[in-house]
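> sequence and predicted structure below; questions after.
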Amino acid sequence: MTDHAHAEDHGDAGHVMPPSILIGTFLALVGLTILTVGSSYFPLGSIELFVAMGIATVKAGLVAVYFMHLRYDKPLNALLLIFSLGFVALFICLTLIDSQSYQADIQAVTAP
Amino acid sequence: MTTVLEPPADAVDHAVHEQGHDPFLAHHFESHQHQFDACKLGMWLFLITEVLFFSGLFCVYAVYRANHPEIFIAGHQFLDKQMGAINTIVLLFSSLTMAWGVRAAQLGQQKLLVWCLSLTLACAGLFLVIKYFEYSAKIRHGVLWAGRFDEKAAAHYLAEHHAAEHAETPAGGGNHGAAHEASSPAAHGDHAHSPEGDAAAPHDPALPKNLGIFFSIYFALTGLHGIHILAGMGAIGWVLWRSVRGDFGPRYYGPVDFVGLYWHLVDLIWIYLFPLLYLIH
């Protein structure tokens, strides 16, 4: 592990990100941006949302793991983020289920 | 966060780099490592409140999109993909310079740190300038939030927008979006050249009901994100000022790292906003 050797060189400064990883992450993010913009020009139908969100999640993961150096951090910080995202998912899913259940009433009122 | 990291006034007077007299080590921490870890945990807790804060608006988006997909299909045609993509790259690049700044601070490379932070600040400014062109084009054409949404003006603007797009497609200009949104007269010119029927053909001119709601969501999400960019610029400016003063080095680089974390989170939110608002149809 070259990363480890690198980190030990700088004693109390913690883990220092090597330039190769920083630039590699940036290039991967740019590539994924081009991919997601390119895919929007093709009619992908119902999977479009999943493709776009999948690519966004990979990008978000790259930012979190390398730019925010969660990979080299105390696991507690990563755990906090993962838990918060779990609660966000719960929040949005439960609200969606709830909102769908009122649609019949709303349609009845707003129908011309 | 900042108050903990500011050295007590009397400690600065006799700044001796001895154990317990370090001007940048608050007296209630045992060591720099101790201080750094506590501050970082605090920063992450703050970032999590930010995630939950934004999730409210993402929830609004999800509910409206699930129930009224047609306003999103119509609404996204008003947004400029190229501008959104350019802004995404600008933000990603600013994240790179920010992360590099943290590295420079850790290695004690003062000049490089100042350069990295200045570049990050410049990219943040560029992002807002591009956003300004996007917003002003929409405001000029009555493409506003529900209640202020001008359906007639918006429909006219959309027809114009597509006319410009059709006229420029064969040229394949990469910066056509920027040219179009920034200078309306050019769009008018293209409109005049292209046949009327061709411009209107691919889209039903009748816009769906309540299209303004899409722009309520658009302005709320991008506006809140823009406010975060402004706040980030303030924070980066503060760190930049301190790095010019020479505060940071391998022993003490916490504030650079924490502002960086915030900045990456702002980038991360944009990574989701861009496809959700500009790309999906």
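Perfect, thanks for sending it. Numbers count the residues shown, from 1 in each chain, chains lettered A, B, ... in the order given.
> quick one: is the lengthiest helix in chain A near chain B?
Within chain A, and with DSSP state H defining each element, the longest helix by residue count is helix A:75-100. Yes: contact between helix A:75-100 and chain B, assessed by C-beta under 8 Å from any C-beta of the partner chain, occurs at A:76-77, A:80-81, A:84-85, A:87-88, A:91-92, A:95-96, A:99-100. Just so you know, the C-beta spots here come from the backbone N, C-alpha and C atoms, and that holds for glycine as well.
> in ChimeraX, how would I select just the buried ones from these?
Here is the ChimeraX selection string for the buried members of these, based on 16 or more other C-beta atoms under 10 Å in any protein chain shown:
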select /A:77,80,81,84,85,88,91,92,95,96,99
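> distance from the longest helix of chain A to the middle of the chain?
13 Å (C-alpha atoms, centre = their mean, to the nearest Å).
> coming back round to it: now the residues of helix A:75-100 next to chain B in TSV, with pLDDT and distance to B:Pro275?
Shown next, in TSV, are the residues of helix A:75-100 next to chain B (pLDDT from 0 to 100; distance: C-beta to C-beta, whole Å):
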residue	pLDDT	distance to B:Pro275
A:Leu76	93	30
A:Asn77	92	26
A:Leu80	93	25
A:Leu81	94	21
A:Ser84	94	21
A:Leu85	94	17
A:Phe87	95	22
A:Val88	95	17
A:Phe91	95	20
A:Ile92	94	16
A:Thr95	92	21
A:Leu96	90	19
A:Ser99	83	22
A:Gln100	77	23
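> from B:Ile217, how far off is B:Gly75?
Distance, B:Gly75 to B:Ile217, by C-beta to C-beta, to the nearest Å: 8 Å.
> what's the answer for A:Arg71, then?
A:Arg71 is 34 Å from B:Ile217, by C-beta to C-beta.
> who's in contact with B:Tyr157?
B:78, B:141-143 (C-beta atoms under 8 Å, 6 or more residues apart in numbering or on different chains).
> what's the pLDDT at it?
On pLDDT, B:Tyr157 comes in at 82.
> tell me how far the helix or strand where it lies lies from the chain's centre.
For B:Tyr157, the host element (DSSP states H and E) is helix B:151-168. Between the centre of helix B:151-168 and the centre of its chain there are 26 Å (C-alpha atoms, centre = their mean).
> repeat that for stretch B:252-267.
With C-alpha atoms, centre = their mean, you get 15 Å for stretch B:252-267.
> then that stretch to PDB, C-alphas only?
Extracted C-alpha coordinates of stretch B:252-267, given in PDB (Å, rounded to 0.1, in the frame of the first residue of the first chain):
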ATOM      1  CA  TYR B 252      -2.800  22.900  12.200                       C
ATOM      2  CA  TYR B 253      -4.900  22.700   9.000                       C
ATOM      3  CA  GLY B 254      -8.300  21.900  10.400                       C
ATOM      4  CA  PRO B 255     -10.200  25.000   9.200                       C
ATOM      5  CA  VAL B 256      -9.100  24.300   5.600                       C
ATOM      6  CA  ASP B 257     -10.200  20.700   5.900                       C
ATOM      7  CA  PHE B 258     -13.600  21.600   7.400                       C
ATOM      8  CA  VAL B 259     -14.400  24.400   4.900                       C
ATOM      9  CA  GLY B 260     -13.400  21.900   2.200                       C
ATOM     10  CA  LEU B 261     -15.900  19.300   3.600                       C
ATOM     11  CA  TYR B 262     -18.600  21.900   3.400                       C
ATOM     12  CA  TRP B 263     -17.600  22.900  -0.100                       C
ATOM     13  CA  HIS B 264     -17.700  19.200  -1.200                       C
ATOM     14  CA  LEU B 265     -21.100  18.800   0.200                       C
ATOM     15  CA  VAL B 266     -22.400  21.800  -1.800                       C
ATOM     16  CA  ASP B 267     -20.800  20.100  -4.900                       C
END
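> would it count as contacting chain A?
Yes: Stretch B:252-267 is in contact with chain A by C-beta under 8 Å from any C-beta, via B:253, B:260-261, B:264-265, B:267.
> most surrounded residue in those?
B:Gly260 (30 neighbours; other C-beta atoms under 10 Å in any protein chain shown).
> gap between the helix or strand containing it and the chain center?
B:Gly260 belongs to helix B:254-273 when assigned by DSSP H and E. Distance, stretch centre to chain centre, for helix B:254-273: 10 Å (C-alpha atoms, centre = their mean).
> got the angle for that helix vs helix A:75-100?
30 degrees (axes from the mean of the first three to the mean of the last three C-alpha atoms, to 10 degrees).
> which strands and helices sit next to helix B:254-273?
helix A:48-62, helix B:2-5, helix B:32-67, helix B:81-107, helix B:110-140, helix B:212-245 (3 or more C-beta pairs under 8 Å, 6 or more residues apart in numbering or on different chains; DSSP states H and E).
> what mean pLDDT does it have?
96.
> okay, now the unreliable bits of the stretch 51-200 of chain B?
Applying pLDDT under 70 to the stretch 51-200 of chain B picks out residues B:164-200.
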